[in-house]
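In: Sharing a model that was predicted from the sequence below.
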Amino acid sequence: MNIHFIAIGGSAMHNLAIALHKKGVTITGSDDEIFEPSKSRLARFDLLPSKEGWDEANIHNGLDAVILGMHAKADNPELLKANKLGLRVFSYPEFLYEQSKEKTRIVIGGSHGKTTITAMILHVARKNGLNCDYMVGAQLEGFDVMVKLSEEARFMILEGDEYLTSPIDRRPKFHLYKPNIALLSGIAWDHINVFPTFENYIEQFKTFIGLISSGGTLIWCKEDEELQKICPAARPDILLLPYSWPEYRIENGITLIRFKNQEVPMQVFGKHNLLNLNGSRLVCNALGITDEQFYASIQSFKGASKRLERIAGNEETDIFKDFAHSPSKLMATLKAVKEQYPEKKLVACMELHTFSSLSQEFLSHYKGCMDMADRAIVYFNPHAIQLKKLPPITAQQVKKGFDNKRLEVFTDSELLVQSLLHETWHRKNLLMMSSGDFDGLDLDELAEKIVTRYA
């Protein structure tokens, strides 16, 4: 087969390109800009376009298919030519479904925890010799790529994002996968540029439940208020499996889960991660993995990249980075660190980076989200607001939205770094939270400077 990728540099797109290349498919691609780590990873497999930009010459009758990335626009010249030639044009999720429609599809959905739950399932499956195809939204330790496609695997495990499918398909991605086994971790309003009301956002999850195959299974978190309303109303032919937290305790910074009169030590922590763990356990059960096998395997799981990831530390301080950016994620992450390290103060810094978080009308949803921090910091770059073509916001508006008089607001990443380096880190932890990168801030370097100073 010969497949061309329009916008090959995307996080998901370049991983799919590599997965198909490994499968023996001839891949070409184009993009108007490609950043790291996509650039190096594409180059490693000789898939990096020789030049940036779009070129109609890339599209010809010798192609079996074209895969369209979200980064491209509806008037992309390559897309227009593909349509003119009558070529098959797939969105990323459409193509994944095509590749997995004869397999048992497991789709992990929800506003939070999707990547971690998917990563947990894949970790346990690998430990138990279960061959699975997959698509996950982060680079995982021990896995070369974020997408794997094969002929042999009976199962396809998909992280089910509710964001849009492509520039020409406004359906949420997870509506296209038609799961045999589905998991929903919870619902907290996000992507307000696409779903302008909370009711509209919830409708996407109701639709997702309705797309579960006949005789399928829905695993859902019964601690989530919104799921309590919609999951019990699922079709009668769907098996409902609600989950909550396992029994646990914390000793010397280690979370111990109670299982059959034994205590199983975990490398991840936080009540939200224990919910994720119990949800992934039920999925693994559905794949034929016993509880005994699950707990024996999950002990070595260190977490997904940027999901409450410890990047440095010593006896005085531990530094974590996390993907948290929405109100519910911030609260869950802060609570996890405070519960795990009650004897240490917490400096928490989050970046307003997404369309929702940088919108004036959404700021009020952050009320109280940073209250658990002993020092609370919010960072945003006014230029990012301009790029998203949003009205400007001020530090005063941010403080009002968070309703925290102690909140510090920075708009210059260098000043933020200077402030953190001048902090006294005796018996204090640092938590850096963002779906972005604090405008290129090297968190590992910052963490190393802090830890070295207090070695």
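Out: Looks like it came in fine.
In: contacting residues for residue 14?
Out: 8, 34, 38, 41, 42, 47 (Cβ atoms under 8 Å, 6 or more residues apart in numbering). C-beta coordinates here come from the backbone N, C-alpha and C atoms, glycine included.
In: Isn't the fourth one up against residue 17?
Out: In other words, residue 41. No: Residue 41 is not in contact with residue 17 according to Cβ atoms under 8 Å; the separation is 9.5 Å.
In: what about those two, which has more around it?
Out: Using other Cβ atoms under 10 Å as the criterion, residue 41 and residue 17 rank with residue 17 on top: 29 against 20.
In: if I pick the more buried one, what's in contact with it?
Out: Residues near residue 17 by Cβ under 8 Å, 6+ apart: 5, 8, 27, 29, 42, 47.
In: The spatially closest residue to the fourth one that is not a sequence neighbour: what secondary structure?
Out: It stands for residue 29. Distances taken as Cβ to Cβ, 6 or more residues apart in numbering place residue 8 nearest to residue 29, at 3.0 Å, with adjacent residues excluded. With DSSP: H, G, I helix; E, B strand; the rest coil as the basis, residue 8 sits in coil.
In: what about residue 8, how many neighbours?
Out: By the criterion of other Cβ under 10 Å, residue 8 has 26 neighbours.
In: show me what contacts it?
Out: The neighbours of residue 8, taking Cβ under 8 Å, 6+ apart as the test, are 14, 17, 29, 30, 31, 34, 42, 47, 49, 69.
In: rerun that using 7 Å as the cut-off
Out: Residue 8 is in contact with 14, 17, 29, 30, 31, 42, 49, counting by Cβ atoms under 7 Å, 6 or more residues apart in numbering.
In: any idea which helix or strand carries residue 98?
Out: Element membership of residue 98 [criterion: DSSP states H and E] is helix 92-100.
In: what's the average pLDDT for the very next helix or strand once past that helix?
Out: For helix 92-100, the succeeding helix or strand toward the C-terminus, using DSSP H and E, is strand 104-109. Strand 104-109 shows a mean pLDDT of 98.
In: Each with direction, which strands does strand 104-109 pair with?
Out: Strand pairing for strand 104-109, using DSSP bridges, gives strand 155-159 (parallel), strand 181-184 (parallel).
In: Now do the next helix or strand after it: which elements does it pack against?
Out: Sequence order places helix 114-127 as the next helix or strand after strand 104-109, per DSSP H and E. With contacts defined as 3 or more Cβ pairs under 7 Å, 6 or more residues apart in numbering; DSSP states H and E, the secondary structure elements packing on helix 114-127 are strand 104-109, strand 132-135, strand 155-159, helix 271-286, helix 291-298.
In: List the residues that contact the residue nearest the centre of the chain.
Out: Nearest residue to the geometric centre of the chain (Cα atoms, centre = their mean): residue 115, 4.6 Å. By Cβ under 7 Å, 6+ apart, the residues touching residue 115 are 136, 137, 138, 159, 304, 307.
In: From these, pick the one nearest residue 361.
Out: Among the contacts of residue 115, residue 137 lies closest to residue 361 (Cβ to Cβ), at 27.1 Å.
In: burial of that closest one, as a residue count?
Out: For residue 137, the neighbour count with other Cβ under 10 Å is 21.
In: What ranges does the stretch 351-455 of the chain have for its strands?
Out: For the stretch 351-455 of the chain, applying DSSP state E, counting those that start in this stretch gives strands covering 375-379, 408-410, 428-433.
In: And for the first one, what's in contact with it?
Out: For strand 375-379, contacts defined as Cβ under 7 Å, 6+ apart pick out 347-352, 370, 398, 402, 404, 406-410, 413, 416, 438.
In: residues in contact with residue 188?
Out: Residue 188 touches 111, 112, 326, 327, 328, counting by Cβ under 7 Å, 6+ apart.
In: ok, 10 Å please
Out: 110-112, 198, 201, 224, 226, 326-329, 331-332, 365 (Cβ atoms under 10 Å, 6 or more residues apart in numbering).
In: quick one: the spatially closest residue to residue 7 that is not a sequence neighbour from residue 51, how far?
Out: Leaving aside its sequence neighbours, residue 7 sits nearest to residue 69 (Cβ to Cβ, 6+ apart; 3.0 Å). Look at residue 69 and residue 51: by Cβ to Cβ, to the nearest Å, they are 17 Å apart.
In: Pick out whichever of those two has more residues nearby.
Out: Neighbours per residue (other Cβ under 10 Å) separate residue 69 from residue 51, with residue 69 holding more: 25 against 6.
In: sorry, back to before: out of the strands paired with strand 104-109, which is the most enclosed?
Out: Of the strands paired with strand 104-109, the one with the most neighbours on average (mean count of other Cβ atoms under 10 Å) is strand 181-184, at a mean of 27.
In: Name the residues that touch the helix or strand following that one?
Out: Sequence order places helix 198-210 as the next helix or strand after strand 181-184, per DSSP H and E. For helix 198-210, contacts defined as Cβ under 10 Å, 6+ apart pick out 107, 109-111, 160, 162-163, 171-172, 174-175, 177-179, 182, 184, 186-192, 194-195, 197, 216, 218, 220, 226-227, 229-231, 233-235, 238, 365.
In: The following helix or strand past helix 198-210 - contacts with which helices or strands?
Out: Helices and strands here follow DSSP H and E; after helix 198-210, the next one along the chain is strand 217-221. When contacts are defined as 3 or more Cβ pairs under 10 Å, 6 or more residues apart in numbering; DSSP states H and E, strand 217-221 sits against strand 104-109, strand 181-184, helix 198-210, helix 225-230, strand 239-243, helix 271-286.
In: Make TSV out of those and add distance to residue 147.
Out: As requested, those are exported to TSV (distance: least, Cβ to Cβ, whole Å):
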stretch	distance to residue 147
strand 104-109	14
strand 181-184	19
helix 198-210	21
helix 225-230	28
strand 239-243	27
helix 271-286	19
